[in-house]
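> let's see this in three dimensions:
(4 chains)
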There are 2 protein chains.
Amino acid sequence: MPREIFQRFLIEKRLKLTKERIEVLNEVFSAHDHFGPEQLYLRLRNAGSKASRASVYRTLNLLVESGLVEKITRTDKGSVYEHTYGHTHHDHMVCSICNRIVEFYSEYLEQLQDEICKKHKFSGVSHSLEIKGYCETCRKQ
Amino acid sequence: MPREIFQRFLIEKRLKLTKERIEVLNEVFSAHDHFGPEQLYLRLRNAGSKASRASVYRTLNLLVESGLVEKITRTDKGSVYEHTYGHTHHDHMVCSICNRIVEFYSEYLEQLQDEICKKHKFSGVSHSLEIKGYCETCRKQ
DNA sequence: AGACTAGTTGATATTAAATCTCAATTTCAG
DNA sequence: CTGAAATTGAGATTTAATATCAACTAGTCT
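Sure, this is the predicted structure:
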């Protein structure tokens, strides 16, 4: 299904469905976690793909554009992505010690975005709430 | 007042209050807007300071550590900071076209953080909500 | 199917933000 | 004032991400 969406996206933009793009797409959707470009590149190599770093970066940008993948955050060690298709929207809590990411969802937050945007005459498209703090494990130390 | 807080912070950490650090501090608090390291560096030069880029970066990190300044976001063109002392907490809406930043505050959001953290046994320290979309001016085009 | 056109790839160069290096300098406690 | 310890600046370094471009495909048109 992500494959079809991506394909439609590519046709719309007059772009081509290449071997490399398919491999990146598959790899992105074969795991359900947060990943960086380099990490993805290594996984692809490991899986036998010969796609270059350049192609990984380029395809990742296309996947974000198509809405299948989201760039969650930028750290000092590069960007972090996750695929969104098949997952409902959610936000993140990040532990400042171990960098563990806890996902959460709040219906109220979604409504809040609408209200705030209306008040400021802003046309909200997406939001990301990141809560920084300490996870249960790290707090106990 | 920010000066005193910074000074106390430096003493606590056995660091020194140098000319360069004072100049950076003053420049950061002399304007009330969002800025990047390079921008700050140029303002300092313009104001007659001879502080180097390295010192600007180093001092900026100290100011964040001390709590006087916050790193709002990281864009593909570097980090964006704002000084927080003298300003109440707020979040940001960013226009995807003109990059204009609109500030807003929601008491409800503050409560929401507490509730969500309690539910997930997470010890929340801070949060940042960034709403992406289109500002009024850009939407009209 | 064959061929043409426009987009894609990969290796490498490039860019740019941020940090690191280290000799010379400055702060500040005693 | 003196000395130990921190800081500075200039430039080197690191590293994520993008740009370059000749060789190569995908997909369309006939």
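> element containing residue A:24, please.
For residue A:24, the element it lies in under DSSP states H and E is helix A:19-30.
> which strands and helices lie in contact with the strand ranked longest in chain A?
Ranked by residue count, the top strand of chain A under DSSP state E comes out as strand A:123-134. Judged by 3 or more CB pairs under 8 Å, 6 or more residues apart in numbering or on different chains; DSSP states H and E, the packing partners of strand A:123-134 are strand A:69-75, strand A:91-95, helix A:107-119, helix B:107-119, strand B:123-134. No exception for glycine: its C-beta is placed from N, CA and C like everyone else's.
> next helix or strand past that strand?
Next helix or strand after strand A:123-134 toward the C-terminus (DSSP H and E): helix A:136-139.
> in a strand, residue A:15, correct?
No: going by DSSP: H, G, I helix; E, B strand; the rest coil, the assignment for residue A:15 is coil, not a strand.
> DNA strand C: which of the helices and strands packed on strand A:123-134 is closest?
Minimum separation from DNA strand C across the helices and strands packed on strand A:123-134 (CB to the nearest atom of the strand) falls at strand A:69-75, 9.1 Å.
> flag every buried residue along the closest one.
By 16 or more other CB atoms under 10 Å in any protein chain shown, the buried positions in strand A:69-75 come out as A:69-70, A:72-73.
> quick check: mean pLDDT across the helix holding residue A:24?
For helix A:19-30, mean pLDDT rounds to 98.
> so is it next to DNA strand D?
Yes: part of helix A:19-30 sits near DNA strand D under the criterion CB under 7 Å from any atom of the strand, namely residue A:19.
> and stretch A:99-119, by the same measure?
No: Stretch A:99-119 is not in contact with DNA strand D by CB under 7 Å from any atom of the strand; minimum separation 14.5 Å.
> could I get that stretch in CSV with only the CA atoms?
Taking Å, rounded to 0.1, in the frame of the first residue of the first chain, the C-alpha atoms of stretch A:99-119 are listed here in CSV:
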residue,chain,number,x,y,z
ASN,A,99,17.5,9.5,24.4
ARG,A,100,14.8,7.0,24.5
ILE,A,101,11.6,8.1,22.7
VAL,A,102,8.2,7.5,24.2
GLU,A,103,5.3,8.0,21.9
PHE,A,104,1.9,9.4,23.0
TYR,A,105,-1.3,10.7,21.5
SER,A,106,-3.7,13.2,22.9
GLU,A,107,-7.0,14.0,21.2
TYR,A,108,-7.2,17.2,23.1
LEU,A,109,-3.9,18.3,21.6
GLU,A,110,-5.3,17.9,18.2
GLN,A,111,-8.3,20.1,19.0
LEU,A,112,-5.9,22.6,20.7
GLN,A,113,-4.0,23.1,17.5
ASP,A,114,-7.2,24.0,15.7
GLU,A,115,-8.3,26.5,18.4
ILE,A,116,-4.9,28.2,18.6
CYS,A,117,-4.6,28.5,14.8
LYS,A,118,-8.1,30.0,14.5
LYS,A,119,-7.3,32.5,17.2
